[in-house]
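**Student:** pasting the sequence and the predicted model now:
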Amino acid sequence: MVVKFFATFRKITKEKEIVVEAVPTLRDLLELLVLRYGQPANDNFLLREGQLHPDVILLVNGRAVEHLQGLDTRLASDDVVSIFPRIAGG
């Protein structure tokens, strides 16, 4: 499975994309990323009290997780997960 990081998440992870072994759900993937990248990942973009941080946009194969099963979205080994910051502006 490929995980792609964008904008500020590239700064936190110091990577553009990584390949990880398949995990059952998106929640499992986020927990794996928190273990890999530590507290900065936990605090800044991944999980807040077991929920997706409100400033994060997650796509699985180009589809927003809000239109899937959220953090319970099932993942396969050939999936591409993209992690974006929510951008506000005027």
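**Tutor:** On my side now, so go ahead.
**Student:** can you name every helix or strand that the longest helix that the chain contains contacts?
**Tutor:** Within the chain, and with DSSP state H defining each element, the longest helix by residue count is helix 26-37. The contact analysis (3 or more C-beta pairs under 8 Å, 6 or more residues apart in numbering; DSSP states H and E) places helix 26-37 against helix 39-44, strand 47-48. Backbone N, C-alpha and C define where each C-beta goes, glycine included.
**Student:** ranking those by mean pLDDT, which is last?
**Tutor:** Sorting the helices and strands packed on helix 26-37 by mean pLDDT places strand 47-48 lowest, at a mean of 66.
**Student:** so how far is the helix or strand just after that strand off the chain centroid?
**Tutor:** Per DSSP states H and E, the first helix or strand lying C-terminal to strand 47-48 is strand 51-52. The chain centroid and the centroid of strand 51-52 are separated by 10 Å, computed with C-alpha atoms, centre = their mean, to the nearest Å.
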